[in-house]
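> need a structure here:
(one chain, ligands or ions: 1)
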Amino acid sequence: MNLKRKSQVSLLALSILLSSLPVVGYTPHPIVPPTQAGAKTNETFKFGKVDLDLLEQVNLLDERFDKEGLVYHNGELEAYLERVGQTVVADKNIENVTWKFYALRDATPNAFALPNGSIYINTGLLALLDTEAQLAGVLAHEVTHVSHRHTYAQNRSMRKKVLAINILSTIGSWNPIGGGVGTAINLIANISPFILVLSIFGYSRELEKEADVEGLKNLTAAGYQPDEMVNTIKLLQKDIEGEQLNSFYNDHPKLQDRVNYLSNSLSTTANKMSDDQLKKAKAEYLAQMELADRQDVELAILDERFRTAVFVSQKLVDFHPDASANVYYLAESYRALGPRAPELTAKELTGGEKKKAAKNRRRRTLEEQEAELMKTTTGQAAWKTNQEKAEQLYLRALELNRFNYLVHRGLGMLYEKIGRKEEAISQYRKYIELAPLNAADMERFRRRLQTLRGVSPDDTSPTSPPQENY
Ligand SMILES: [Zn+2]
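Here you go, the predicted structure:
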């Protein structure tokens, strides 16, 4: 229950984020030095005690993110984020701000800024974006929240503190996808719900608009073409999991409003990318993200964001169809989908159906939801298709790299679940034989193998399928 409740927070963050992300286009080389870029900082800001207290708290939060293993450490990706992020920083020298750009191991599509200059973007959002320009747009929006001291302003405002309480009470009535595995927002919620509200949920419509408009200026100044904005908003509107909560849009700029005011801010002479340039931009971005995206698929499956997992891993396979790891992750995603269709229908994406689905998730465990779906003919058909698809993909991944031992684990679990016991035994054997001796789940699969062979004395139900999906 606690976990569920916590991940409600992350979903709230998602729904708000989806309504507040900025967007832009792409050019490979900045044409204006970043220091000359657009936005002017709030130079009149004077730190008081209440501001310094907040600063101290967010500095601690940075440390906690890292200590809890939430920061995704990958030298190349870190350097990339730093490079792209710095291009949209208009003012490098702001009192009590050190610009830093981090990726978080978190499957919810989200980004946020702390007032000390730490900008966080989740792997779940990195995986959803298509180009560097879109990434730069997200970062430019967040940078503006920092450079314009939005968090401090919100913190000083009593009205917002009241709003914060309202938001937290609303969180309790919202039910998200997923069991809430270690997301960043959960951590902030545990440490300081107040900071969560301040830095993510609390900005007023005016401040969000300012972050969009100023962010767009800095992006353009940094040489990114801004005309991809509408595409990104469409991308964020996709709502793969059917979890957007309309009520939260009411407190934030509506997507169409954002399209309008951002379009008005665009120069009519802005160059557009040709189809070839766009294709190239997408390929370059994906090449940067490939490892992080694989990680994100794992996180998405753990967080029960199965449709997202399929979406992201399909993107990886389209990019590098011959990479065994990519095909393996797509197989994992289809296996995890169980009795669900890979995409929601138009009807399922209507407000009423989303509410119904949210209610269902609130009242039932994942196993109960799946059992219910398995009573329907569509659920059974989807299950069969997904398992077949997973099997084909596992076999293909093995063809591409016969040493990809993870495939044997996946196949073993698949066969065990569909009752092909002998094949499950053989796959688990191969997994144990090929996996590194220090693999964290080695012992678990040894025991599972023993159970399947009927030699484990301490298992009371040797024929029951494994409970966990992943
Ligand atoms: Zn914002």
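> from here on, just use CA atoms for contacts and neighbour counts.
Noted.
> which stretches in the stretch 1-150 of the chain count as strands?
Residue ranges of the strands in the stretch 1-150 of the chain, as given by DSSP state E, counting those that start in this stretch, are 100-104, 111-113, 118-122.
> which non-adjacent residue is nearest K421?
With C-alpha to C-alpha, 6 or more residues apart in numbering as the criterion, K421 has its nearest non-adjacent residue at 6.5 Å, and that residue is Y415.
> likewise Q314?
L330 (6.2 Å).
> re the thing from before, quick one: contacts for the residue nearest to K421?
Residues in contact with Y415, defined by C-alpha atoms under 8 Å, 6 or more residues apart in numbering, are 421, 423-424.
> okay, and it sits in which element?
Following DSSP states H and E, one finds Y415 within helix 406-417.
> right, and the strands of the stretch 1-150 of the chain - which one's nearest H145?
strand 111-113 (6.9 Å; C-alpha to C-alpha).
> sheet-wise, list the partners of that closest one with their directions.
In the sheet containing strand 111-113, its partner strands are strand 118-122 (antiparallel), by DSSP bridges.
> contacts for the strand it pairs with, please.
Contacts of strand 118-122 (C-alpha under 8 Å, 6+ apart): 62, 98-113, 139, 142-143.
> export the strands of the stretch 1-150 of the chain as JSON lines, with columns for mean pLDDT.
What follows is those, written out as JSON lines (pLDDT from 0 to 100):
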{"stretch": "strand 100-104", "mean pLDDT": "96"}
{"stretch": "strand 111-113", "mean pLDDT": "87"}
{"stretch": "strand 118-122", "mean pLDDT": "93"}
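> low-confidence ranges, the stretch 101-250 of the chain, go.
Low-confidence segments of the stretch 101-250 of the chain, defined by pLDDT under 70: 158-187, 189-202, 227-234, 244-250.
> on that earlier part again, going by distance to D257, which of the contacts of Y415 wins?
Distances from D257 to the contacts of Y415, taken by C-alpha to C-alpha, are shortest for A424, at 53.9 Å.
> what about the closest one, how many neighbours?
Using other C-alpha atoms under 10 Å, A424 has 25 neighbouring residues.
> assess the claim that the residue nearest to Q314 and T308 are in contact.
No - assessed by C-alpha atoms under 8 Å, L330 is found out of contact with T308, at 10.9 Å.
> what residues are up against the residue sitting nearest the centre point of the chain?
In the chain, the residue lying closest to the centroid (C-alpha atoms, centre = their mean) is G124, at 1.7 Å. Applying C-alpha under 8 Å, 6+ apart to G124 gives the contacts 105-110, 296, 300.
> any chance of JSON lines for these, columns neighbour count and distance to V89?
Shown next, in JSON lines, are those (neighbours: other C-alpha atoms under 10 Å; distance: C-alpha to C-alpha, whole Å):
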{"residue": "R105", "neighbour count": "23", "distance to V89": "24"}
{"residue": "D106", "neighbour count": "27", "distance to V89": "24"}
{"residue": "A107", "neighbour count": "32", "distance to V89": "26"}
{"residue": "T108", "neighbour count": "34", "distance to V89": "25"}
{"residue": "P109", "neighbour count": "22", "distance to V89": "22"}
{"residue": "N110", "neighbour count": "27", "distance to V89": "20"}
{"residue": "D296", "neighbour count": "28", "distance to V89": "27"}
{"residue": "A300", "neighbour count": "25", "distance to V89": "31"}
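> can you tell me which of those residues are in helices?
The helices, defined by DSSP state H, take in 296, 300 from the contacts of G124.
> what residue ranges in the stretch 251-400 of the chain score low on pLDDT?
251-255, 267-271.
> tell me where it has helices.
Counting by DSSP state H, counting those that start in this stretch, the stretch 251-400 of the chain has helices at residues 255-265, 275-302, 306-319, 324-337, 351-363, 366-374, 377-400.
> the stretch 51-200 of the chain too?
Under DSSP H, counting those that start in this stretch, the stretch 51-200 of the chain gives helices at 75-87, 123-126, 132-147, 150-156, 158-171, 184-191, 193-196.
> distance from the chain centre to the third one, please.
In other words, helix 132-147. Between the centre of helix 132-147 and the centre of its chain there are 16 Å (C-alpha atoms, centre = their mean, to the nearest Å).
> just the angle between it and strand 100-104, please?
Helix 132-147 and strand 100-104 are oriented at 120 degrees to each other (axes from the mean of the first three to the mean of the last three C-alpha atoms, to 10 degrees).
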